[in-house]
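predicted model follows, preceded by the sequence.
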Amino acid sequence: MKDFNFYTPTRVVFGRDSEAQVAALVKQYGGSRVLVHYGGSSARRSGLLDKMLGLLADAGIYTVQLGGVVPNPELSMVRRGIDLCRSEKVDFILAVGGGSVIDSAKAIAYGVPYEGDVWDLWDGKAVPVACLPVAAVLTIPAAGSEMSSSCVITNDEAGMLKRGVNSDLCRCKFAIMNPERTFTLPAYQTAAGATDIMMHTMERYFCAHQDMMLTDAISEALLRTVKDCAVAVLKRPDDYRLRAQIMWAGSLAHNDLTECGGEKDFVTHKLEHELSAMFGVTHGAGLAALWGSWARYVMPRHVNRFVQFAVNVMGVACDWADPEGTALRGIEAVEAFFRTIGMPTSIPELMGRPVTEAEIAEMVDKCSRGGRLSFGSIEKIDTTAMAAIYHLANV
């Protein structure tokens, strides 16, 4: 078991019509001049954006707007937001949307007080020391950014480099979560979101520290719940109970609760970041396409952990005479689940074609920062292993 420091300061306001509290919460956390940051037309079309603007205006809170955030949020948008916040003397940022919008808001919040090039924070040239307060009105349960310390941005000005920064400074002051706002999510987006939620926990579950029984039990329950609810909600998309389980699980999966006593592995996430940065694929779908290959690559040296997962999460019967077979059936059960909810289990399924050798080499080079970095917890993954996993996923 690894010693840990668990810190989760975000206030969660969960339930029907929870958005009605937005103005009081903004004021409580010191906001008087607010950037309302959002994605595409859905926020306005649903009426949510106008409702938020109206509530803030009624409370006498000054607002400016910046929309247009795309999946895999981009540095160019962050720069626009920084300039707007500085010119308008913004003191609070409210993200209305999913993880991409929240991460873009966090990056802007880092950049406003930073005197250098904001990309320095993602390029390893500087660390965050200040951040405007950020809050979220969540509409897409997936990334968990509403309660996490992470912020992932794609540099669209320098070859689509996708990088993450972790700091408690950017944790949302509050997160408003109304499951009703997720009823109209497309099936593919719902499935990709559920996959991302599960992966946030699985990438902590499969780590070098495996003797924290309570955290294991929490993780296993979360994974079973999301797995079961994801299948059911695709048949009943306006089922409040199912949507609520998934929304709350998304926050718990990435607020570090399932890391207590363990640590992040996140190899699949890092490999997928290069895939989605280069090809613009949906993040959750990219994770589904890669995870089985990562699991097959590391499983033979960590059989017991994969057996526990197969039995406790995927409901596989344990064959004590063939533990490796049980572990493999657990991996196959995950892939079968992904296919059930419409997720791919290989790169060709994801993209409609295999990637080329040159594309694999480029992803490995970017992921390893030119061969300088290896990463992983349950097992360190170097450039040779990265290439091997990409190749396994490419058939």
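Noted; the coordinates are in hand.

find the nearest non-adjacent residue to the spatially most central residue of the chain, please.
By CA atoms, centre = their mean, the chain has its centre lying nearest to A143, at 2.6 Å. Computed as CB to CB, 6 or more residues apart in numbering, the closest residue to A143 that is not its neighbour in sequence is G99, at 2.3 Å. Where you see a C-beta, it was placed from the backbone N, CA and C, and this is true even at glycine.

ok, how many other residues are close to that neighbour?
G99 has 28 neighbours, counted by other CB atoms under 10 Å.

just checking, the residue nearest to the centre of the chain touches D103?
Yes: counting by CB atoms under 8 Å, A143 touches D103, with 7.2 Å between them.

show me where the protein has strands.
Applying DSSP state E to the chain gives strands spanning 11-14, 33-38, 62-66, 92-97, 134-138, 150-155, 161-166, 174-177.

ramachandran angles for the nearest residue to M247 once chain neighbours are set aside?
Spatial nearest neighbour of M247, chain neighbours left out: P141 (4.2 Å); criterion: CB to CB, 6+ apart. The phi and psi values for P141, taken as degrees, to the nearest 10, are phi -80, psi 120.

count of neighbours near P141?
Neighbour tally, P141, other CB under 10 Å: 30.

cool, A230 as well?
So A230, with other CB under 10 Å, has 25 neighbours.

who's in contact with it?
T190, A191, A194, I246, I341 (CB atoms under 8 Å, 6 or more residues apart in numbering).

ok, so of those, who is nearest K125?
Nearest to K125 among those: A194, at 36.1 Å, using CB to CB.

quick revisit: could you check the pLDDT of the residue nearest to A143?
Listed pLDDT for G99 reads 96.

centre of the chain versus stretch 323-336, how much separation?
Stretch 323-336 has its C-alpha centroid displaced from the chain centroid by 25 Å (CA atoms, centre = their mean, to the nearest Å).

now do the buried residues in it.
For stretch 323-336, a neighbour-count test (16 or more other CB atoms under 10 Å) marks T326, A327, L328, R329, G330, I331, E332, A333, V334, E335 as buried.

that one - what's its average pLDDT?
For stretch 323-336, the per-residue pLDDT averages 98.

for that stretch, C-alpha coordinates in CSV please.
Presented in CSV, the C-alpha positions along stretch 323-336 are these (Å, rounded to 0.1, in the frame of the first residue of the first chain):
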residue,chain,number,x,y,z
PRO,A,323,-5.2,-18.6,-13.8
GLU,A,324,-3.8,-17.1,-17.0
GLY,A,325,-6.8,-18.4,-18.9
THR,A,326,-9.1,-16.8,-16.4
ALA,A,327,-7.2,-13.5,-16.8
LEU,A,328,-7.4,-13.7,-20.6
ARG,A,329,-11.2,-14.3,-20.4
GLY,A,330,-11.5,-11.2,-18.2
ILE,A,331,-9.8,-9.1,-20.9
GLU,A,332,-12.0,-10.7,-23.6
ALA,A,333,-15.1,-9.9,-21.4
VAL,A,334,-14.1,-6.2,-21.3
GLU,A,335,-13.8,-6.2,-25.1
ALA,A,336,-17.1,-7.9,-25.5
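
which residues touch F206?
Taking CB under 8 Å, 6+ apart, one finds D265, A295, V298, H302, R305, F306, F309, S377, I378 in contact with F206.

go on, M202?
By CB under 8 Å, 6+ apart, the neighbours of M202 are L223, W291, F309.

for PyMOL, what selects the buried ones among those residues?
To isolate the buried members of the contacts of M202 in PyMOL, using 16+ other CB under 10 Å:
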select buried, resi 223+291+309
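
and the contacts of M202 as TSV, adding pLDDT?
As requested, these are exported to TSV (pLDDT from 0 to 100):
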residue	pLDDT
L223	98
W291	98
F309	98
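
so which of the contacts of M202 belong to helices?
Using DSSP state H, L223, W291, F309 are the members of these that sit in helices.

verify the stated contact: the last one with A333.
No: F309 sits out of contact with A333 when judged by CB under 8 Å, with a separation of 9.6 Å.

is the nearest residue to Q21 once chain neighbours are set aside bridged to anything, and to what?
With CB to CB, 6+ apart as the criterion, Q21 has its nearest non-adjacent residue at 5.6 Å, and that residue is V13. When assigned by DSSP bridges, V13 has beta-bridge partners I176.

relative to L48, how far out is V13?
Distance of V13 to L48, given as CB to CB, to the nearest Å: 15 Å.

just A249 next, same as before
With CB to CB as the criterion, A249 and L48 are 22 Å apart.

neighbour-wise, which of those two wins?
The residue with more neighbours, out of A249 and L48, is A249; 24 against 19, by other CB under 10 Å.

ok, that one to G193 distance?
From A249 to G193 the distance is 10 Å (CB to CB).

okay, the strands of the chain in JSON lines with distance to Y114 and mean neighbour count next?
What follows is the strands of the chain, written out as JSON lines (distance: least, CB to CB, whole Å; neighbours: other CB atoms under 10 Å):
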{"stretch": "strand 11-14", "distance to Y114": "26", "mean neighbour count": "16"}
{"stretch": "strand 33-38", "distance to Y114": "16", "mean neighbour count": "24"}
{"stretch": "strand 62-66", "distance to Y114": "18", "mean neighbour count": "16"}
{"stretch": "strand 92-97", "distance to Y114": "14", "mean neighbour count": "28"}
{"stretch": "strand 134-138", "distance to Y114": "15", "mean neighbour count": "29"}
{"stretch": "strand 150-155", "distance to Y114": "13", "mean neighbour count": "24"}
{"stretch": "strand 161-166", "distance to Y114": "12", "mean neighbour count": "19"}
{"stretch": "strand 174-177", "distance to Y114": "24", "mean neighbour count": "24"}
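
redo those as a markdown table? Include distance to V127.
Shown next, in a markdown table, are the strands of the chain (distance: least, CB to CB, whole Å):
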| stretch | distance to V127 |
| --- | --- |
| strand 11-14 | 26 |
| strand 33-38 | 23 |
| strand 62-66 | 26 |
| strand 92-97 | 20 |
| strand 134-138 | 18 |
| strand 150-155 | 13 |
| strand 161-166 | 8 |
| strand 174-177 | 25 |
